[in-house]
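Participant: Turn this into a model:
(3 chains)
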Amino acid sequence: MDQIESKLNSLGLKIPQPLKVPSDVKTPSVWVRLRGDKAYISGHGPQNHDGSVAGPYGKVGTNDVSVEQGYESAKLAGLSILGSLKRELGRLDKVAAWLQVRVMINTAEGFTKTADVADGFSDLILTLYGREVGTHARSAIGVQALPVNLPVIIDALVEIMPDT
Amino acid sequence: MDQIESKLNSLGLKIPQPLKVPSDVKTPSVWVRLRGDKAYISGHGPQNHDGSVAGPYGKVGTNDVSVEQGYESAKLAGLSILGSLKRELGRLDKVAAWLQVRVMINTAEGFTKTADVADGFSDLILTLYGREVGTHARSAIGVQALPVNLPVIIDALVEIMPDT
Amino acid sequence: MDQIESKLNSLGLKIPQPLKVPSDVKTPSVWVRLRGDKAYISGHGPQNHDGSVAGPYGKVGTNDVSVEQGYESAKLAGLSILGSLKRELGRLDKVAAWLQVRVMINTAEGFTKTADVADGFSDLILTLYGREVGTHARSAIGVQALPVNLPVIIDALVEIMPDT
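Facilitator: Numbers count the residues shown, from 1 in each chain, chains lettered A, B, ... in the order given. A predicted model of the protein is given here:
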């Protein structure tokens, strides 16, 4: 087992099953586009270990989803990304560097805690990969709408180690 | 004529003329930033073949713009991008790989069909380029406002073949 | 002093001090992720020379923030980015090419002048770096919410000159 997945398991977390896409969502795009030494990662939402989409749904900072739940949703979106990377790369420790991350949060007007939500993702990645590999440029924005009313989606760019 | 443009024409579509930017919009940025083996593509909205901006304007999922019209607008934004790439690269078959795409949709609160709108772009690119070259990482988000009240803008990153 | 910083000073502008992050915002991410020949730049908001966050806060195009103030805020976000690059690279003229920029503007429904706001950033960069180095692909979108109710944040990707 690779080092990152071991660390993940020691946190009581597991690589989730592939996302079961809701039947009314087509996906002509892919979850991870691997090309050269880069993996371009599609917007991932929170998912449960069994592959189901993870609620709560709706707008963070309203009665739908609290900031704390938003933080947890961002973490679950991170686990979804790790699942996609694992299936694409074989091993999570093939990530050489996290580069740029965009956290898009479903919010109502006047919400100002986008960074607090985004930390759910960043804290997970930094805990697993450490600062040298895991740190990343990040933008955290509040948006009007997301696919299937998810509370957050996250996309990313990572550098992959060369095959040896 | 290049293979991609031939396929485009066989679909009854044509590379559009350069966008006629509305007179109150300045453009200090460029439509395509070519550098090394990458083309960085600015946010493009839907445009008609004659270079005029293509309506309908406003928010997808309201009376302004239906989901079906949003799908068509995303396709027209794709044609606008192909026009910019053609003018920059000379030939559309110089694209080696579509990498990462962001679809930003002008929506009202509660809209959940962002993926359905984004498919207007993805379906076009996959039809033209096939899965190996055309597939891409994608994020589809609903935003509050877009330039000149466009229903959708799309930006992208593609890899270009080396000159031979 | 490097050429870009000289030009900046001749415009009556100065590299600002490091941003004083509001105490309730954690930053597990970094302002600039340097890797290979690329600098991946986090979302930066407007800041004053002394490192304080620069108002006005709120939504551009409402009574909170006029379009003209939004333009100025985008320029101040540009200065914040230049400060981060200066501290990371040592010299601003180590930027070989501006590549792709995303301008995310805090707006209310119905706002259509996102490009006018984004020009505050693009005009600054093009004035300092000239067209060959400074031009960039750009997307300018209106979003629902930004960290600490900033009027605009901007992220970017630039190419760095190799060390000689």
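Participant: how about the strands in chain A?
Facilitator: Assigned by DSSP state E, the strands in chain A fall at A:32-35, A:38-44, A:95-106, A:137-143, A:152-160.
Participant: which residues make contact with the first one from outside it?
Facilitator: Outside strand A:32-35, the residues that touch it by CB atoms under 8 Å, 6 or more residues apart in numbering or on different chains are A:39-42, A:84-85, A:88-89, A:160, B:97-100, B:135-137, B:159. C-beta coordinates here come from the backbone N, C-alpha and C atoms, glycine included.
Participant: center of chain A - which residue?
Facilitator: Centroid check for chain A by CA atoms, centre = their mean gives residue A:78 as the closest residue, at 2.7 Å.
Participant: Quick check: residue A:40 touching residue B:137?
Facilitator: Yes - when contacts are counted by CB atoms under 8 Å, residue A:40 is listed as touching residue B:137 (4.0 Å).
Participant: could you dump the biggest helix by length in chain A to PDB, C-alpha only?
Facilitator: Longest helix in chain A by number of residues (criterion: DSSP state H): helix A:67-89. Only the C-alpha atoms of helix A:67-89 are listed here, as PDB (Å, rounded to 0.1, in the frame of the first residue of the first chain):
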ATOM      1  CA  VAL A  67     -20.100  26.300   7.600                       C
ATOM      2  CA  GLU A  68     -19.000  23.300   9.500                       C
ATOM      3  CA  GLN A  69     -20.900  21.000   7.200                       C
ATOM      4  CA  GLY A  70     -19.400  22.900   4.200                       C
ATOM      5  CA  TYR A  71     -16.000  22.200   5.600                       C
ATOM      6  CA  GLU A  72     -16.900  18.500   5.800                       C
ATOM      7  CA  SER A  73     -18.300  18.600   2.300                       C
ATOM      8  CA  ALA A  74     -15.000  20.100   1.000                       C
ATOM      9  CA  LYS A  75     -13.100  17.300   2.800                       C
ATOM     10  CA  LEU A  76     -15.400  14.700   1.100                       C
ATOM     11  CA  ALA A  77     -14.800  16.300  -2.200                       C
ATOM     12  CA  GLY A  78     -11.100  15.900  -1.500                       C
ATOM     13  CA  LEU A  79     -11.600  12.200  -0.800                       C
ATOM     14  CA  SER A  80     -13.500  12.000  -4.100                       C
ATOM     15  CA  ILE A  81     -10.600  13.500  -5.900                       C
ATOM     16  CA  LEU A  82      -8.200  11.100  -4.200                       C
ATOM     17  CA  GLY A  83     -10.400   8.200  -5.300                       C
ATOM     18  CA  SER A  84     -10.200   9.400  -8.900                       C
ATOM     19  CA  LEU A  85      -6.400   9.900  -8.700                       C
ATOM     20  CA  LYS A  86      -5.900   6.500  -7.200                       C
ATOM     21  CA  ARG A  87      -7.900   4.800 -10.000                       C
ATOM     22  CA  GLU A  88      -6.000   6.800 -12.600                       C
ATOM     23  CA  LEU A  89      -2.400   6.600 -11.200                       C
END
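Participant: That one - contacts with which helices or strands?
Facilitator: Applying 3 or more CB pairs under 8 Å, 6 or more residues apart in numbering or on different chains; DSSP states H and E, one finds that helix A:67-89 contacts helix A:3-10, strand A:32-35, strand A:38-44, strand A:95-106, helix A:114-134, strand A:152-160.
Participant: now the ones you listed as JSON lines including mean pLDDT?
Facilitator: JSON lines is the format used below for those (pLDDT from 0 to 100):
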{"stretch": "helix A:3-10", "mean pLDDT": "96"}
{"stretch": "strand A:32-35", "mean pLDDT": "97"}
{"stretch": "strand A:38-44", "mean pLDDT": "98"}
{"stretch": "strand A:95-106", "mean pLDDT": "98"}
{"stretch": "helix A:114-134", "mean pLDDT": "96"}
{"stretch": "strand A:152-160", "mean pLDDT": "98"}
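Participant: Ok, which of the ones you listed comes nearest residue C:148?
Facilitator: helix A:114-134 (7.9 Å; CB to CB).
Participant: What's the local residue count around residue A:123?
Facilitator: 17 (other CB atoms under 10 Å in any protein chain shown).
Participant: so what's it up against?
Facilitator: With CB under 8 Å, 6+ apart, residue A:123 has these contacts: A:75, C:28.
Participant: let's see it at 10 Å
Facilitator: A:71, A:74-75, A:78, A:134, C:26, C:28 (CB atoms under 10 Å, 6 or more residues apart in numbering or on different chains).
Participant: pLDDT-wise, what's the bottom of those residues?
Facilitator: Ranked by pLDDT, the contacts of residue A:123 bottom out at residue C:26 (65).
Participant: Just the closest residue of chain A to chain B, please.
Facilitator: residue A:145 (2.7 Å; CB to the nearest CB).
Participant: Just confirm that residue contacts residue B:70, I think it does.
Facilitator: No - using CB atoms under 10 Å, residue A:145 is not in contact with residue B:70; the gap is 11.7 Å.
Participant: Between the two, which has more neighbouring residues?
Facilitator: residue B:70 (30 against 27).
Participant: Looking at residue A:25 now. What's its pLDDT?
Facilitator: 62.
Participant: Turn the buried ones among the contacts of residue A:123 into a named PyMOL selection, would you?
Facilitator: In PyMOL, a selection of the buried entries from the contacts of residue A:123 looks like this (16 or more other CB atoms under 10 Å in any protein chain shown):
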select buried, (chain A and resi 71+74+75+78+134) or (chain C and resi 28)
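Participant: Farthest pair within the contacts of residue A:123?
Facilitator: Taking CB to CB as the measure, the contacts of residue A:123 have their most distant pair in A:71 and A:134, spaced 17.4 Å apart.
Participant: and the residue nearest to residue A:71 when sequence neighbours are not counted, what is it in contact with?
Facilitator: Distance criterion CB to CB, 6 or more residues apart in numbering or on different chains; nearest residue to residue A:71, sequence neighbours excluded, is residue A:120 at 3.8 Å. Residues in contact with residue A:120 (CB under 10 Å, 6+ apart) are A:46, A:67-78, A:103, A:152, A:154.
Participant: Kindly report the same for residue A:144.
Facilitator: Neighbours of residue A:144 in contact, by CB under 10 Å, 6+ apart: A:59, A:106-109, B:59, B:104-111, B:114, B:141-145, C:109, C:142-145.
Participant: ok, residue A:40 and residue B:137, which is more surrounded?
Facilitator: residue B:137 (27 against 22).
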